[in-house]
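> Give me a model of this one.
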Amino acid sequence: MRTARSEESGNGTLTETSEALAPQAFPARITERLRYADTDRQGHINNAVFATLFESGRVAFLYDPARPLAPAGAQFVIAKLSIDFLDELNWPGDVVVGTGVARLGRSSLHLDQALFVADRCVARATSVIVLMDEATRRATPLPTATVTALEAMLVTA
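Below you'll find the predicted structure:
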């Protein structure tokens, strides 16, 4: 079984190690149902669907009504997404999307995510999310309350 660690290599992509990775390493998790329409000609889940699954996890993480992160007049936008495909996904089934904070910047955060099928990691993703002022359309600093909330959501992997 292939697994990955949360550290990035010099080129910004996640690298594989023998360390086991579990969904519990991620402070936020959602479950998504795979659809037959998600398959490609080879019978796998299409690679573009992996990005959509990661998006679902990011949106659930960033816009959880129980833990609002973006202040009024600001919203989160994605600046970078990198996906490492570790194993194939097949229909039917459910996928657990784990999401957590890898690090924080002045106006941005780096998310670490993973997709799991039966506790088997099939993909990893890193993304850079920027807090944008809706009026100026420019990056704006993360408020102290947001930083405090995000620090509690650090990935333990």
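> contacts and neighbour counts: CA atoms only from here.
Fine.
> Quick one: low-confidence residue ranges for this protein.
Counting by pLDDT under 70, the chain shows low-confidence ranges at 1-20, 157.
> Kindly state the beta-bridge partners for the spatially most central residue of the chain.
Most central in the chain under C-alpha atoms, centre = their mean is residue 113, positioned 3.4 Å from the mean C-alpha point. In this entry, residue 113 is beta-bridged to residue 99, residue 125, by DSSP bridges.
> And the strands in the protein?
With strands called from DSSP state E, the chain shows them at 3-8, 14-17, 28-33, 74-85, 94-104, 108-117, 120-133.
> What are the contacting residues of stretch 56-64?
Contacts to stretch 56-64, defined as C-alpha atoms under 8 Å, 6 or more residues apart in numbering, come from residues 28-30, 68-70, 76, 97-99, 113.
> Now do the buried residues in that stretch.
Within stretch 56-64, the residues that qualify as buried by neighbour count (16 or more other C-alpha atoms under 10 Å) are 57-58, 61-62.
> before we move on, what about stretch 76-84?
For stretch 76-84, the neighbour count (16+ other C-alpha under 10 Å) marks 76, 78, 83-84 as buried.
> Same question for stretch 131-151.
131-133, 139-140, 142, 147, 150.
> Can I get that stretch in CSV? Just the C-alpha atoms.
What follows is stretch 131-151, C-alpha atoms only, in CSV (Å, rounded to 0.1, in the frame of the first residue of the first chain):
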residue,chain,number,x,y,z
LEU,A,131,-8.4,35.8,2.0
MET,A,132,-9.6,38.4,-0.5
ASP,A,133,-11.3,41.7,0.2
GLU,A,134,-14.5,41.7,-1.8
ALA,A,135,-14.4,45.5,-2.5
THR,A,136,-10.8,45.8,-3.6
ARG,A,137,-10.4,42.2,-4.9
ARG,A,138,-7.0,42.2,-3.2
ALA,A,139,-5.5,40.0,-0.5
THR,A,140,-6.3,41.0,3.0
PRO,A,141,-4.7,39.9,6.3
LEU,A,142,-6.3,37.0,8.2
PRO,A,143,-8.1,38.4,11.3
THR,A,144,-6.8,37.3,14.7
ALA,A,145,-10.0,35.3,15.4
THR,A,146,-9.6,33.5,12.0
VAL,A,147,-5.9,32.7,12.8
THR,A,148,-6.8,31.3,16.2
ALA,A,149,-9.5,29.1,14.7
LEU,A,150,-7.2,27.9,12.0
GLU,A,151,-4.4,27.1,14.4
